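In: what follows is a predicted structure for the sequence shown.
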Amino acid sequence: MASPVTGAGSFVSTLPKYEELKKAAANPAQKEEMGQQAFLTLFTTQLQNQDPLDPVKNEAFVAQLAQFSQLEATTKMADSMSSMASSMQSDRLLAGTSLIGKKVATPNGSAELLEGSNIAGVVSAPNGADKVALEVYDSLGRKVFTQTLGRQAPGDIQVKWEGYNDKGERMPPGRYKVQATVSSFGKVTQVPISTPATVRSVTFNGTTNEMMVEVEGGGSVPLSQIKRVDG
């Protein structure tokens with residue numbers, strides 16, 4: 001029968017291998033090796049080389065392998081979630097490309113005035129308004145038109161600029177910006193007005209995790225802020 005000293009020495013000789021495999025578990029490049037095969041290798045090696053008169057307690061060993069198994073499961077879950085997120089991003093981007101070339105209502109207040117046409121928009125007033133003031137500016141930032149609307153019920157307020165300045169003169173075609181100010185209970189607030197614009201491109205913003213829509217005339221808005229899509 002092998003002496004206790006010989007058996008203990010054999011077990012000690014396996015410690016470098018055990019430590020090596022433990023380090024491999026902490027190395028992301030070797031994480032796939034620390035699975036079921038690593039468990040069997042370490043476990044059988046320990047059993048073969050332990051001192052029969054003083055068996056090594058396996059509680060700590062099993063606990064360590066449980067951590068390895070948990071790490072492996074967590075890594076696989078993280079990889080799966082990353083793959084799912086990437087797939088969802090691609091699907092959203094593909095769906096967003098269907099908007100390119102279409103007219104959408106965006107809350108930037110900028111719109112193109114065409115020959116003989118007007119600019120329509122929507123002002124959101126969920127609490128209603130005692131008064132709504134509209135202002136129109138040309139591409140140089142000059143105010144060309146003002147209009148005041150009376151009391152408005154809660155909800156979306158449909159507004160329209162016919163394309164004339166305060167003197168009743170027809171304004172030339174081009175890009176104009178419409179702004180709205182809502183007065184309610186003595187409080188005056190500038191609110192966004194949704195105006196039509198043509199979509200030029202769609203991109204994904206990784207920082208905010210949102211689809212961004214770029215429209216003609218410059219500017220990008222989150223897809224979630226698009227109020228209406230026209231064919």
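Out: In hand now; what should we look at? Please read these numbers as outputs of a predicted model, since none were measured by experiment. Numbering: from 1, shown residues only.
In: Val132 against Val182, yeah?
Out: Yes: using Cβ atoms under 8 Å, Val132 is in contact with Val182, at 5.6 Å. C-beta here means a position set from N, CA and C on the backbone, and glycine is covered the same way.
In: joint contacts of the two?
Out: Residues touching both Val132 and Val182 by Cβ atoms under 8 Å, 6 or more residues apart in numbering: Val123, Ala125.
In: and Asn127, how far is that from Tyr164?
Out: According to Cβ to Cβ, to the nearest Å, Asn127 stands 31 Å off from Tyr164.
In: which of the two has more neighbours?
Out: Shown here are Asn127 and Tyr164; by other Cβ atoms under 10 Å, Tyr164 has more neighbours (14 against 11).
In: where does the nearest residue to the more buried one once chain neighbours are set aside land on pLDDT?
Out: In this structure, Tyr164 finds its nearest non-sequential neighbour in Arg170, 5.8 Å apart by Cβ to Cβ, 6 or more residues apart in numbering. Listed pLDDT for Arg170 reads 95.
In: equivalent analysis for the one 4 residues further on, please.
Out: With respect to pLDDT, Gly174 scores 91.
In: ok, it - contacts?
Out: Taking Cβ under 8 Å, 6+ apart as the test, what Gly174 contacts is Glu112, Leu113, Asp138, Ser139.
In: I'd say the last one and Tyr176 touch.
Out: Yes: when contacts are counted by Cβ under 8 Å, Ser139 is listed as touching Tyr176 (7.3 Å).
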